[in-house]
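1. this is a predicted model, with the sequence first.
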Amino acid sequence: MSAITITGVGCVRGGRRVLTDVSLSVRPGRLLALVGPNGAGKSTLLSLMCGDLPLARGEVLVDGTPLQQWSPGDLSRVRSVLLQSNEVSFSFTAREVVEMGRNPWSGRPESDDDESAVADALRVADVTHLADRPYSALSGGERARVSLARVLAQRTPVVLLDEPTAALDLRHQEEVMTVARSLAHAGRAVVVVLHDLSLAAAYADEIAVIADGTLGALGPPDRVLTPEMVRAVYGVETHLLTTPDGHRVVVPLRPSTATTTPEDIP
């Protein structure tokens, strides 16, 4: 059974149709990467999955039940969400922010696991050393990792991550995607919005290409990531290389710097 099923979804924002007739499913034990150009509708689709935006048409099922039939409390125990913006209004420490991920379990037997869940999340996100620092004093990358730890502490079967690698250095990009991959191996349904096609190819079971508000392609990385697709969706010519361990790497065709002249610069 799919953890999330999206059928014929459409969305209008500010009078503009952002998504049109998108259908896909996210299964337990699988990692789905949403890729596409800026403004294509990736984050909007993720917001529809988590119930933060109204549908113009179509249906979103979570564990077989229409999204609108879930109570906020029950939904928060089924899916956790990492948004692009990770602002906190008050002077909380990093640990206190992570502890917020346990709020859905307050007053339930699962709350007995709060301490271990928070400690595990801090460790996995590599932010234990930041636990007592004010969240507002952290760098953008550190905030992103603390916010990921909050999601991990929530311990839900569905995990939705919107550009979790955007503010991170190379090491932490790989570590975050390894965590996402591990969540899928453990049986969670994981959706990750990414801009880096090579990261998507390395870690995702399936890639959904969102282009101009529609589903342009869906399938395994080796089927979806082709020079033709990248050219059609991004307008960029690329080489597709295969690493010794079988992953695809997308490399744009770049002109030699020796051929660039001042006239080429706008």
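-> On my side now, so go ahead.
2. average pLDDT across the host helix or strand of Val176?
-> If you go by DSSP states H and E, Val176 is part of helix 170-185. The average pLDDT for helix 170-185 rounds to 95.
3. and that helix, which residues are buried?
-> Using 16 or more other Cβ atoms under 10 Å as the test for burial, helix 170-185 gives 172-173, 175-177, 179-181, 183-184. Glycine gets a C-beta too; all of them are placed from N, C-alpha and C.
4. again, but for stretch 223-230
-> By 16+ other Cβ under 10 Å, the buried positions in stretch 223-230 come out as 224-225, 229-230.
5. got the end-to-end distance for it?
-> Its first and final residues considered, stretch 223-230 spans 12 Å by Cα to Cα, to the nearest Å.
6. got it, and stretch 239-247?
-> Using Cα to Cα, one end of stretch 239-247 lies 13 Å from the other.
7. domains in this structure, as residue ranges please.
-> By the assignment in automatic domain parsing, the chain contains the domains 1-78+157-172+179-236, 89-155.
8. need those domains in a markdown table (columns: distance to Leu253).
-> Formatted as a markdown table, the domains of the chain follow (distance: least, Cβ to Cβ, whole Å):
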| stretch | distance to Leu253 |
| --- | --- |
| domain 1-78+157-172+179-236 | 8 |
| domain 89-155 | 30 |
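9. among these, which is nearest Pro255?
-> Nearest of the domains of the chain to Pro255, taken as Cβ to Cβ: domain 1-78+157-172+179-236 at 12.3 Å.
10. pLDDT below threshold where in this structure?
-> The chain contains residues with pLDDT under 70 at 1, 86-89, 257-266.
11. what ranges do the strands span in it?
-> Applying DSSP state E to the chain gives strands spanning 4-13, 16-26, 31-35, 57-62, 65-66, 79-82, 158-162, 189-193, 206-211, 214-219, 238-242, 248-252.
12. how about the first one: buried residues?
-> To tie it back to what came earlier, the one meant is strand 4-13. Buried residues in strand 4-13, counted by 16+ other Cβ under 10 Å: 4-6, 9-11.
13. tell me the strands beside that strand, with direction?
-> Next to strand 4-13 in the sheet, as set by DSSP bridges, lie strand 16-26 (antiparallel), strand 57-62 (antiparallel).
14. which residues touch that strand?
-> 17-26, 41, 44-45, 48-49, 53-62, 64, 79, 158, 189, 191 (Cβ atoms under 8 Å, 6 or more residues apart in numbering).
15. quick check: closest non-adjacent residue to Ala125.
-> Spatial nearest neighbour of Ala125, chain neighbours left out: Ala149 (3.8 Å); criterion: Cβ to Cβ, 6 or more residues apart in numbering.
16. what does Ser47 give?
-> Leu53 (4.5 Å).
17. wouldn't the one you found be in contact with Leu45 here?
-> No - with contacts counted by Cβ atoms under 8 Å, Leu53 stays clear of Leu45, the gap being 9.3 Å.
18. which of these two has more neighbours?
-> Comparing Leu53 with Leu45 by other Cβ atoms under 10 Å, the one with more neighbours is Leu45, at 27 against 18.
19. list the contacts of the more buried one.
-> Here Leu45 is in contact with 6, 9, 11, 19, 22, 34, 210 (criterion: Cβ under 8 Å, 6+ apart).
20. from Thr242, how far out is Pro104?
-> Pro104 is 42 Å from Thr242, where distance means Cβ to Cβ, to the nearest Å.
21. if you count surrounding residues, which of those two has more?
-> Neighbours were counted for Pro104 and for Thr242 using other Cβ under 10 Å; Pro104 has more, 20 against 11.
22. and Ser71, what does it touch?
-> With contacts defined as Cβ under 8 Å, 6+ apart, Ser71 has no neighbours.
23. ignore what I typed, I meant Val176.
-> Val176 makes contact with 125, 145, 148, 164-165, 168, according to Cβ under 8 Å, 6+ apart.
24. in the sheet, who's paired with the closest residue to Val236 other than its chain neighbours?
-> Spatially, and ignoring its direct neighbours in sequence, Val236 is nearest to Pro252 (5.3 Å; Cβ to Cβ, 6+ apart). Here Pro252 sits in beta bridges with Thr238, as judged by DSSP bridges.
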